[in-house]
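**Q** A predicted structure for the sequence below; I have some questions about it.
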Amino acid sequence: MDDDALDAATIGLDRNVRENCFTDSTGRQHQIGQVNLARIERREAGARRYQKKMSRAKEHSTNRRELAQKIARRKNYGQRVRRDFTHKTTHGLVTADARLFVLEDLRIRNMTRKPKARQDPVTGKWLRNGACAKAALSRKILASCWGELDRQLQYKSAWHNKLAVKVSAAYSSQECSQCEHTHPGNREGARFACQRCGFEAHADWNAARVIKARGIKALRDGPMTPQRPRSG
């Protein structure tokens with residue numbers, strides 16, 4: 001396959017935590033609809049209300065069991081919506097013309113691990129370790145479709161005789177997809193502007209193009225095999 005044909009047959013995917021969204025190298029953003037996101041938020045708010053009631057309910061009572069069931073139903077709704085969204089999106093990807101799909105090799109378990117407690121060796125006082133800020137990010141990652149997208153894309157690609165692979169995620173948000181110049185100053189929020197060549201684009205689209213280029217390079221360098229998705 002020549003370079004132009006391989007480029008046309010490859011799609012890179014950049015995952016982020018904004019509204020369970022990921023962007024592909026064509027510039028398309030895939031995300032759950034606002035209506036479903038609003039429904040998820042209402043059900044999660046309802047689950048929090050029932051949790052407060054359950055904390056005051058008598059142990060092993062019928063009321064407590066009913067409250068637990070209501071909480072579970074409301075929490076499961078978001079999982080079902082995200083799974084359905086990922087099924088439909090990955091089906092659309094693998095049934096289109098692309099033959100190679102490239103994802104970042106993300107260590108989701110490491111990214112959501114709690115930071116270790118830190119203690120001052122002199123005073124013995126516990127120091128700030130950023131646990132609160134990390135917890136908020138971890139919740140977003142765990143509520144996202146990162147792992148499910150990986151899992152579904154792997155097995156659906158195999159069904160359709162296509163290939164889904166993973167490449168290093170290092171500095172993909174700082175690298176220019178045009179000239180490969182890598183610098184922290186290239187990225188400012190959702191905007192990417194290369195300090196060397198002046199290329200400007202949405203940061204997620206640029207990252208997806210970088211991931212795609214890395215996948216093509218890895219394929220050119222030698223044979224690649226699909227990898228099993230890591231458990232979240």
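**A** Looks like it came in fine.

**Q** going forward, measure contacts between C-alpha atoms and count neighbours the same way
**A** Fine.

**Q** as a whole number, average confidence for stretch 63-79?
**A** Computed over stretch 63-79, the mean pLDDT rounds to 91.

**Q** would you state the strands of this structure in chain order?
**A** 10-15, 22-24, 29-30, 100-104, 118-119, 126-127, 163-167, 187-188, 191-193, 200-202 (DSSP state E).

**Q** could the ones you listed be laid out in TSV, adding mean neighbour count, distance to residue 72 and mean pLDDT?
**A** Output for the strands of the chain, formatted as TSV (neighbours: other Cα atoms under 10 Å; distance: least, Cα to Cα, whole Å; pLDDT from 0 to 100):
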stretch	mean neighbour count	distance to residue 72	mean pLDDT
strand 10-15	25	27	93
strand 22-24	23	27	91
strand 29-30	16	27	90
strand 100-104	25	32	94
strand 118-119	12	35	75
strand 126-127	10	35	73
strand 163-167	23	34	93
strand 187-188	16	39	90
strand 191-193	19	39	94
strand 200-202	17	38	94
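
**Q** distance to residue 44 for those - can I get that in TSV?
**A** Shown next, in TSV, are the strands of the chain (distance: least, Cα to Cα, whole Å):
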stretch	distance to residue 44
strand 10-15	23
strand 22-24	23
strand 29-30	23
strand 100-104	30
strand 118-119	33
strand 126-127	32
strand 163-167	33
strand 187-188	32
strand 191-193	31
strand 200-202	31
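
**Q** out of these, which is closest to residue 36?
**A** Taking Cα to Cα, strand 29-30 is the member of the strands of the chain nearest to residue 36, at 13.8 Å.

**Q** centre-most residue in the protein?
**A** Taking Cα atoms, centre = their mean, the centroid of the chain lies closest to residue 146, which sits 3.3 Å from it.

**Q** residues in contact with that residue?
**A** residue 15 (Cα atoms under 8 Å, 6 or more residues apart in numbering).

**Q** mind checking pLDDT for it?
**A** Reported pLDDT for residue 146: 79.

**Q** that older thread, looking at the strands of the chain, which is closest to residue 152?
**A** Closest among those, using Cα to Cα: strand 163-167, at 10.1 Å.

**Q** report the longest helix in the chain, please.
**A** helix 62-94 (DSSP state H).

**Q** that one: which residues count as buried?
**A** Buried residues in helix 62-94, defined by neighbour count with 16 or more other Cα atoms under 10 Å: 64, 67-68, 70-71, 74-75, 77-78, 81-83, 85-87, 89-90, 93-94.

**Q** one more: stretch 209-217?
**A** 209, 210, 211, 212, 213, 214, 215, 216.

**Q** chain center to that stretch, what's the gap?
**A** Centroid separation for stretch 209-217 versus its chain: 18 Å, with Cα atoms, centre = their mean, to the nearest Å.

**Q** which residues are contacting that stretch?
**A** Contacts for stretch 209-217 (Cα under 8 Å, 6+ apart): 6-7, 10-14, 24-25, 101-104, 165-167, 169, 172, 175-177.

**Q** send me that stretch as PDB with only the CA atoms.
**A** Taking C-alpha atoms only, stretch 209-217 is exported to PDB below (Å, rounded to 0.1, in the frame of the first residue of the first chain):
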ATOM      1  CA  ARG A 209      -3.400  13.700  13.600                       C
ATOM      2  CA  VAL A 210      -0.200  13.200  15.600                       C
ATOM      3  CA  ILE A 211      -1.500   9.800  16.900                       C
ATOM      4  CA  LYS A 212      -2.400   8.800  13.300                       C
ATOM      5  CA  ALA A 213       1.100   9.700  12.100                       C
ATOM      6  CA  ARG A 214       2.700   7.700  14.900                       C
ATOM      7  CA  GLY A 215       0.500   4.700  14.000                       C
ATOM      8  CA  ILE A 216       1.500   4.900  10.300                       C
ATOM      9  CA  LYS A 217       5.200   5.200  11.200                       C
END
